[in-house]
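**Student:** what shape does this take:
(chains A, B and C)
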Amino acid sequence: MSDGPDLYSIADLAREFGISTRAIRFYESKGLIAPERLGATRVFRRRDRARLILILRGKRLGFSLRDISDYLALYDADRGQQVNLLAEKVDERLELLEQQLADLQTTIAELQEIRKLARTRVSPAS
DNA sequence: GTTCTCACA
DNA sequence: TGTGAGAA
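**Tutor:** Predicted coordinates:
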């Protein structure tokens, strides 16, 4: 049905996702994942792998580990509230990015204006 | 190979 | 938000 191994070592996941084993341990220390242990050694199941994928996607979208942790914590608890939190954080993020984009566009326009003036005043005719 | 802790940016 | 180093 669903394929792939049932068990993964920390090195397996680090290799698959192109991150360090240190980063994975770091995420665990922050409570984002909670792999089982065989003795002292971490054993990751599909569920842990799935959470890791969500962590990396959240990071890629610019969310903090804290945000991602808050979101993941609701997976086992309140799925309705999880959806609400996600919507709220996504709105926040979009608002910030849109503002940053507008600021960048303003800066770009200023620089382009400066370049235009500089060319007409100090450059040989082209 | 894996674990942990401490220091560091 | 991670990494480096060192010891086990």
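
**Student:** so residue A:77 versus DNA strand B, what's the distance?
**Tutor:** 25 Å (Cβ to the nearest atom of the strand, to the nearest Å). Every C-beta, even on glycine, is put in place using the N, C-alpha and C of the backbone.

**Student:** name the SS class of that residue, please.
**Tutor:** coil (DSSP: H, G, I helix; E, B strand; the rest coil).

**Student:** and for it, the neighbour number?
**Tutor:** Per other Cβ atoms under 10 Å, the neighbour tally for residue A:77 reads 9.

**Student:** same deal with residue A:8?
**Tutor:** Neighbour tally, residue A:8, other Cβ under 10 Å: 21.

**Student:** likewise for residue A:35?
**Tutor:** Using other Cβ under 10 Å, residue A:35 has 22 other residues around it.

**Student:** I'd say it and residue A:45 touch.
**Tutor:** Yes. Using Cβ atoms under 8 Å, residue A:35 and residue A:45 qualify as a contacting pair, with a distance of 7.4 Å.

**Student:** near DNA strand C at all, the helix or strand residue A:121 falls within?
**Tutor:** Residue A:121 is part of helix A:79-122, with elements assigned from DSSP states H and E. No. Using Cβ under 7 Å from any atom of the strand, helix A:79-122 stays clear of DNA strand C, coming no nearer than 12.7 Å.

**Student:** and residue A:32, backbone torsions?
**Tutor:** Dihedral pair for residue A:32: phi -80, psi -30, per degrees, to the nearest 10.

**Student:** distance of the residue nearest the centre of chain A from residue A:68?
**Tutor:** By Cα atoms, centre = their mean, the mean C-alpha position of chain A lies nearest to residue A:59, the distance being 0.7 Å. Relative to residue A:68, residue A:59 is positioned 7 Å away (criterion: Cβ to Cβ, to the nearest Å).
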